[in-house]
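Chemist: I need the structure of the sequence given here:
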Amino acid sequence: MSSHPFPRVMPTATAGAQLRQLRRQAGLSQLDLALISGMSQRHLSCIETGRAQPSAGALHNLLMALETPLEQGNGVFLAAGYAPRYEATPLTSPAMAVVRGAIEHLLQANNPAPAIVLDSQWDVVGANASAAILFDLVGLPVSAMQGLNLLATLLQAGGLGDHLINAAEIRAVAWQRAAREALSNPALASLLESLPTPDCLALSDTELPPLLLTQVRSRQGTLSFLSTFTTFGMPQDITLMSLRIEHLIPADVHTWQVMTAAYQQSV
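Modeler: All right, here's what the predicted structure looks like:
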């Protein structure tokens, strides 16, 4: 069990104080942020010190310029006396039809390479046929993908992590990435606290390759993948901001051949 104390979302403070903290965390001066958001430095200074009340539109522009997580942005709106501005629309909602269509297109286009859709808690909320094929190739039941959490299957014994040749490296990278996200995500922080912390989180002393590959032990030998992520540009909904598609692209001829043959047999 991990005992790492993850900080929670920024404590309640005035909207100006929260904006100042967010600006400093982003490494921006007042002048930098003023130029990015189209606001005078004097007005921004007055907002940060509480001498001026920002309009809802100005607050939105500042939060977008700071690339603030939308849930955290809602807290700033509340502190400024406004109702929360950003919603978390269920992916199954009719309003999300165009989003579901785009996700399905990306998943299918990635075949015969595996691809999965992750939400803010690292739950797998979508996958293509090749992701199920990869599970079968490593000896995991395809049914295990239902309700699967990627962090849990990587970090806990008996999951996908046990089938990785370079499990220590992949587990360390996943844990560190999730730990950063957990700084503003209490639910993810709680999940991480329930999972085992990787034994070694230190950087390797050896020469590092240009890209860390995911190397999987399968019935067809070692399969190697490189990982890329697709996210939605300019999201203004909490659900959309949290979604990302992970594409596992075969990194060698053997992996391409195995995945292509297995996919062709499945269709």
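
Chemist: residues in contact with the residue nearest to Leu160 when sequence neighbours are not counted?
Modeler: Sequence neighbours aside, Thr153 is the residue nearest to Leu160 in space, at 4.4 Å (criterion: C-beta to C-beta, 6 or more residues apart in numbering). No exception for glycine: its C-beta is placed from N, CA and C like everyone else's. Under the criterion of C-beta atoms under 8 Å, 6 or more residues apart in numbering, the neighbours of Thr153 are 144, 159-161.

Chemist: quick check: mean pLDDT of stretch 213-230?
Modeler: Averaged across stretch 213-230, the pLDDT comes to 96.

Chemist: I should have written stretch 250-262 there, sorry.
Modeler: Averaged across stretch 250-262, the pLDDT comes to 98.

Chemist: could you do stretch 72-91 as well?
Modeler: Mean pLDDT, stretch 72-91: 95.

Chemist: Thr222 pairs with what?
Modeler: Going by DSSP bridges, Thr222 is paired in beta bridges with Arg217.

Chemist: I'd like the distance between the residue lying farthest from the centre of the chain and His43.
Modeler: If you look at how far each residue of the chain sits from its centre, by C-alpha atoms, centre = their mean, the farthest one is Arg51, at 36.5 Å. As judged by C-beta to C-beta, to the nearest Å, Arg51 and His43 stand 10 Å apart.

Chemist: one more: Ala113?
Modeler: Counting by C-beta to C-beta, the gap from Ala113 to His43 is 49 Å.

Chemist: more neighbours, those two?
Modeler: Ala113 (21 against 15; other C-beta atoms under 10 Å).

Chemist: doesn't that one belong to a helix?
Modeler: No - under DSSP: H, G, I helix; E, B strand; the rest coil, Ala113 sits outside any helix and is assigned coil.

Chemist: what about the closest residue to it other than its chain neighbours, which SS state?
Modeler: For Ala113, ignoring the flanking residues on the chain, the nearest one in space by C-beta to C-beta, 6+ apart is Ile249 at 5.3 Å. Three-state assignment for Ile249 (three-state DSSP): strand.

Chemist: when you give positions from now on, start the count at 47
Modeler: Noted, 47 is the first residue going forward, which turns the last one into Ile295.

Chemist: Thr276 is in contact with Ile295, correct?
Modeler: No - taking contacts as C-beta atoms under 8 Å, Ile295 lies outside contact range of Thr276: 11.9 Å.

Chemist: tell me the pLDDT at the residue farthest from the centre of the chain?
Modeler: pLDDT, read off for Arg97, is 96.

Chemist: go on, Ser250?
Modeler: Value for Ser250, per-residue pLDDT: 58.

Chemist: next: Pro255.
Modeler: 79.

Chemist: my guess is it is in a helix, correct?
Modeler: No - according to three-state DSSP, Pro255 belongs to no helix; its state is coil.

Chemist: check which residues of stretch 152-164 are buried.
Modeler: Across stretch 152-164, burial judged by 16 or more other C-beta atoms under 10 Å covers 152-153, 156-164.

Chemist: from those, which is closest to Asp78?
Modeler: Lowest distance from Asp78 to the buried residues of stretch 152-164 (C-beta to C-beta) belongs to Leu164, with 31.9 Å.

Chemist: need the buried residues of stretch 152-164 in JSON lines with distance to Asp182 and pLDDT, can you?
Modeler: Output for these, formatted as JSON lines (distance: C-beta to C-beta, whole Å; pLDDT from 0 to 100):
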{"residue": "Leu152", "distance to Asp182": "22", "pLDDT": "96"}
{"residue": "Leu153", "distance to Asp182": "17", "pLDDT": "97"}
{"residue": "Asn156", "distance to Asp182": "17", "pLDDT": "96"}
{"residue": "Asn157", "distance to Asp182": "15", "pLDDT": "97"}
{"residue": "Pro158", "distance to Asp182": "13", "pLDDT": "98"}
{"residue": "Ala159", "distance to Asp182": "15", "pLDDT": "98"}
{"residue": "Pro160", "distance to Asp182": "11", "pLDDT": "98"}
{"residue": "Ala161", "distance to Asp182": "16", "pLDDT": "98"}
{"residue": "Ile162", "distance to Asp182": "15", "pLDDT": "97"}
{"residue": "Val163", "distance to Asp182": "19", "pLDDT": "97"}
{"residue": "Leu164", "distance to Asp182": "21", "pLDDT": "97"}
